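K.L.:
Show me the folded form of this:
(one chain, ligands or ions: 1)
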Amino acid sequence: MTSASARMDRLDPHKLPRHVAVIMDGNGRWAQKRLRNRIFGHEEGAKSGRDVVRCCRKLGIPFLTLFAFSKENWQRPASEIDALWKLLKRFLASEVDELVQNGIRLNHLGDEEGIPDDVVAELRRARDATARQTGLCLSLAINYGGRQEILKAARDFARDVQQGRRRSEDLSAEDFSRYLFTSDIPDPDLLIRTSGEYRISNFLLWQLAYSEIYITEILWPDFREPQFVEALLDYQSRSRRFGKTGEQILGE
Ligand code: FPP
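P.N.:
Numbering: from 1, shown residues only. Got it, this is the predicted structure:
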């Protein structure tokens, strides 16, 4: 038995999160420490992405969301942005077969507008090719921002009110959620952020309301199955109260 599967054995299969969201941070620093360019760090980071996807599949975690390109990432040097699009396109093209074989459905969170046409085409192709898969829902947040998502939802709701389809007084949090990119997926139970930054960085602002947060100093390219299992073990030690007292939760 490998040490990683030994760690996996320590997990309680009844207390796994349904949805894990990840801010994959630290690729640039990982590469710079090795005197390599930042792109090399992103390439290695993509391997960590693959590892975590496989681990979710093995464990039967049904939803995984990876923050791959934020609205704020547009401020990076053009050469890095260009390389990230190339990497994402290659990742999507090369993974489609494995996604289908492993029952993984690919989902996109974010605005298509602004993403280069060839990447949008690859995204749509991967989404359509995997649409009927039911094993793991892998969402890639690409050209995504949490505030932008909430504003878009508010505009779409206002339009429905104007056109007489909805009444503003009836709007509940659950209804509002249906206007978000995540309308068909549950809120994350666990948010993982690598590289030791204590920020949410405009990621899933609405959906993270009650998520457990796990922050590790490990840089994303070094975050593989054993580190993911460690995060899950930590999650399993948490007491999730959703605003209630510990006694109330014990009595449920
Ligand atoms: C953060 O590291 C990482 C990104 C902005 C890009 C993440 C994209 C990938 C890992 C490639 C695609 C992978 C998948 C699985 C779809 P950083 O550049 O901010 O690092 P730094 O903080 O050290 O500079």
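
K.L.:
any idea of the pLDDT on residue 242?
P.N.:
As predicted, residue 242 sits at a pLDDT of 76.

K.L.:
One more: the one 10 residues further on?
P.N.:
Per-residue pLDDT puts residue 252 at 80.

K.L.:
Count the residues that sit near it.
P.N.:
Number of residues near residue 252 (other CB atoms under 10 Å) recorded here: 5. Just so you know, the C-beta spots here come from the backbone N, C-alpha and C atoms, and that holds for glycine as well.

K.L.:
ok, it - contacts?
P.N.:
With CB atoms under 8 Å, 6 or more residues apart in numbering as the criterion, no residue contacts residue 252.

K.L.:
Repeat the analysis, applying 10 Å as the threshold.
P.N.:
Residues near residue 252 by CB atoms under 10 Å, 6 or more residues apart in numbering: residue 244.

K.L.:
cool, residue 166 as well?
P.N.:
By CB under 10 Å, 6+ apart, the contact set of residue 166 is 156-160, 175, 179.

K.L.:
Now render these as JSON lines, adding distance to residue 240 and neighbour count.
P.N.:
Formatted as JSON lines, the contacts of residue 166 follow (distance: CB to CB, whole Å; neighbours: other CB atoms under 10 Å):
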{"residue": "156", "distance to residue 240": "31", "neighbour count": "13"}
{"residue": "157", "distance to residue 240": "29", "neighbour count": "18"}
{"residue": "158", "distance to residue 240": "34", "neighbour count": "12"}
{"residue": "159", "distance to residue 240": "36", "neighbour count": "11"}
{"residue": "160", "distance to residue 240": "33", "neighbour count": "15"}
{"residue": "175", "distance to residue 240": "24", "neighbour count": "11"}
{"residue": "179", "distance to residue 240": "26", "neighbour count": "19"}
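
K.L.:
For the ligand, state which of these is nearest.
P.N.:
If you rank the contacts of residue 166 by distance to the ligand using CB to the nearest ligand atom, residue 179 comes first, at 25.4 Å.

K.L.:
The residue located most distally from the centre of the chain and residue 248: what is the separation?
P.N.:
Distance from the C-alpha centroid of the chain, by CA atoms, centre = their mean, peaks at residue 164 (34.6 Å). Taking CB to CB, to the nearest Å as the measure, residue 164 falls 42 Å from residue 248.

K.L.:
next one: phi and psi at the residue positioned nearest the centre of the chain?
P.N.:
Of all residues in the chain, the one closest to the mean position by CA atoms, centre = their mean is residue 65, 2.0 Å from it. Residue 65 adopts backbone torsions of phi -130, psi 130, taken as degrees, to the nearest 10.

K.L.:
before we move on, back to that, mind giving me JSON lines with the contacts of residue 166 and columns for distance to the ligand?
P.N.:
Output for the contacts of residue 166, formatted as JSON lines (distance: CB to the nearest ligand atom, whole Å):
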{"residue": "156", "distance to the ligand": "27"}
{"residue": "157", "distance to the ligand": "30"}
{"residue": "158", "distance to the ligand": "32"}
{"residue": "159", "distance to the ligand": "32"}
{"residue": "160", "distance to the ligand": "33"}
{"residue": "175", "distance to the ligand": "31"}
{"residue": "179", "distance to the ligand": "25"}
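
K.L.:
Okay then, goodbye and thanks.
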